[in-house]
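In: Sequence and predicted structure, then a few things I'm wondering about:
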Amino acid sequence: MNAQKLLDLFAGDLTKYIKVTLLGDLNERSKKSAKYVTIDEPVTTDLWQSHLDGKQIIGIRPEFNNKCKWGCIDIDPADYRDYSEKKYVEIIRQHKLPLVPVKSKSGGLHLFLFLTDWADKNQVVEKLQEINKEYFLSKEVFPCNKAVGMPYHKWEAAVEYAYDDDNNAVILGRFLEIAESKKLSPKDFFAFKITEYEPEPFYREYPPCMQKVLHDGWTGDRNNMLFNICVLEMKRSEGALTLKQLKDIAWERQRIAFAKHKDGPLLRNESDGTAESVFKKGYEYMCPPKYGFIESICNKELCKTRRLGIMTQTPDIFTEFENVSYSQDTKTTYYEFTYKGVKIIVLPEDMKDEKTWRTKLLRYKIFWRTLPKTKKGPPLFELLMEALVNKAEESKDLNTKDTQEEIRFIALKDFFEKTWEQDDFSKLQSGYTVRKKGSSMVYFKRSTLDSWIKRNASHLFSSTIEALNFLGCKRHDYFEGEKNVWYVDMPDFEKDSKKSNGSTKKTISEMDDEYHNKFRAPKAEGTLQKDN
């Protein structure tokens, strides 16, 4: 009687079946190993009865002639030790999913869908995948041209039993009742409305692996997994977390995620160390193939579509860029790195697009291959350039601050030499810089600086505004009877001169009063315009 009901319930490719033999050993994830052999004989009630009596285990393919009457989402946990079906049963109950959870022979979970009539295989798979992506993130959905192990082998003492909505294991007769009650017509199944599963804010944008870990826990590599959890938290906060906040979040997250780990959660100092490492080094996930510890639950293609996944993650080629540094002068920033063993220097304009980038690298006899296009999110090339800029450390040989101080010193010295006057503020309108006696402040009109740049310092500054900012100039609305007067603190040229020649003997420089009469007046050519 039950054999016939199961034959009808699991109607599929009944022209053959899979004979399953359990081998008795467990793999590294504590999954039961098995041997599979295809038997080209029809599936009958007698075969089903043999399965129920415990004489053999059978597997059946759900599809036949591109049609099917049932399907399955195969829940394959990252680790079968201490695995619990409770959360999955709760999701099915809470969201009223037309699925029957059944413990599989390997120790995981089969979520069976049963239909009242034959339906198009591809449509069934598409809908099941839609459900799977929202709630379960399984890697395998049937039909997929493979057989599924049938439940209730040795039915009176079965280990592949179903669960009801209250998470109670049920006997064979009750399973058949539940399966019948949850059957849907193909039309109703395709029209089934999927409600959002959001156990915490932004959960739908998490990487699939992170959802699995936070959902099921983790019994593998703790430190690397916590690193990824911290990366998620930094991405979720858009980098706004303080180090203390990240440490506190990491501590709480890992206490729950690693609760079933054989070694238990990490110690506080270990957890804090991992959080600090993420905080200092950047926010990129450890992903396969480089990091294999997470491979069993990785779904890279789906992760690429998630805002908090690798959709916004730097491409793997970034690891090939070494010794990334930068230096600056008044006009631009220089980025220097080693790529394919070659030391390369690029300017911001070389990084504006991939075509320009390729041309630049060709000058170093390196051919750059175009990075793949992404369906969603920013282009990979932009992510790569962003990572290079963020990774670049200031060059130790060309310290920006020292370089800029040297340029500032030279620029002001040359500017003052060509325009110097003392105390006579009426000369401001005539293109002079004026220092008030006893003060280190030098005053000038903007037009004076503009003229000096055009004639003497166009190689240093692109504009007068850039020079005013770089030199640290400030403005008076009204000073000593003049409007719109700019001023800057004059460097100690005499001190610098002593430092350079090692002498303490006073020497007369261009900035001394004694040297005042030797200054050249500004050239008459080119009339200077007054500030408005």
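Out: That came through fine.
In: mean confidence score for stretch 134-146?
Out: Stretch 134-146 comes out with an average pLDDT of 89.
In: And stretch 228-241, by the same measure?
Out: pLDDT averaged over stretch 228-241 gives 90.
In: Any idea how many residues pack against Leu267?
Out: The tally of other residues near Leu267 (other CB atoms under 10 Å) stands at 10. Glycine gets a C-beta too; all of them are placed from N, C-alpha and C.
In: my bad, should have said Asp397
Out: The burial count for Asp397: 7, using other CB under 10 Å.
In: just checking, Ala3 touches Asp53?
Out: No: using CB atoms under 8 Å as the test, Ala3 is too far from Asp53 to be in contact (9.5 Å).
In: Counting neighbours, go ahead and name the busier of those two.
Out: Ala3 (18 against 13).
In: Surely that one is in a strand?
Out: No: Ala3 is assigned helix when assessed by DSSP: H, G, I helix; E, B strand; the rest coil, not a strand.
In: In contact with it, which residues are there?
Out: Counting by CB atoms under 8 Å, 6 or more residues apart in numbering, Ala3 makes contact with 45-46, 48-49, 52.
In: how about a cut-off of 10 Å?
Out: Listed by CB atoms under 10 Å, 6 or more residues apart in numbering, the contact set of Ala3 reads 44-53, 155.
In: Any idea what Met441 is bridged to?
Out: Beta-bridge pairing for Met441 (DSSP bridges): Asp489.
In: Could I get the pLDDT score of it?
Out: At Met441, pLDDT is 91.
In: and it, how many neighbours?
Out: Neighbour number of Met441 under other CB under 10 Å is 12.
In: pretty sure it contacts Pro491?
Out: No: look at Met441 against Pro491 with CB atoms under 10 Å: they stay out of range, at 12.0 Å.
In: picking that back up, so what's in contact with Ala3 and Asp53 at the same time?
Out: Trp155.
In: which helix is the longest one in this protein?
Out: helix 400-419 (DSSP state H).
In: That one: which residues count as buried?
Out: 407-408, 411-413, 415-419 (16 or more other CB atoms under 10 Å).
In: So which residues of the stretch 301-450 of the chain form helices?
Out: Secondary structure of the stretch 301-450 of the chain (DSSP state H, counting those that start in this stretch): helices located at 354-362, 380-391, 400-419, 446-452.
In: starting at the chain centroid, how far to the first one?
Out: Averaged C-alpha coordinates place helix 354-362 at 25 Å from its chain's average position (CA atoms, centre = their mean, to the nearest Å).
In: how about that helix: buried residues?
Out: Those would be 354, 357, 360-361, for helix 354-362 by 16+ other CB under 10 Å.
In: Now do that helix: everything it contacts.
Out: Outside helix 354-362, the residues touching it (CB under 10 Å, 6+ apart) are 339-340, 342, 344-347, 349-351, 366-371, 379-382, 384-385.
In: Show me the strands in the stretch 401-532 of the chain, by range?
Out: 420-422, 433-435, 441-444, 474-479, 482-489 (DSSP state E, counting those that start in this stretch).
In: between those strands, which gets nearest to Cys68?
Out: Closest approach to Cys68 among the strands of the stretch 401-532 of the chain (CB to CB): strand 474-479, 78.4 Å.
In: Can you tell me the strand partners of the closest one and which way each runs?
Out: strand 482-489 (antiparallel).
In: Extract the C-alpha trace of the strand it pairs with and format it as CSV.
Out: Provided in CSV are the C-alpha atoms of strand 482-489 (Å, rounded to 0.1, in the frame of the first residue of the first chain):
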residue,chain,number,x,y,z
GLU,A,482,44.6,98.9,0.6
LYS,A,483,41.7,96.6,-0.3
ASN,A,484,42.0,92.8,-1.0
VAL,A,485,45.6,92.3,0.3
TRP,A,486,47.1,88.8,0.6
TYR,A,487,49.8,87.9,3.0
VAL,A,488,52.0,84.9,3.8
ASP,A,489,54.5,84.1,6.6
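In: Right, I'll call it a day here.
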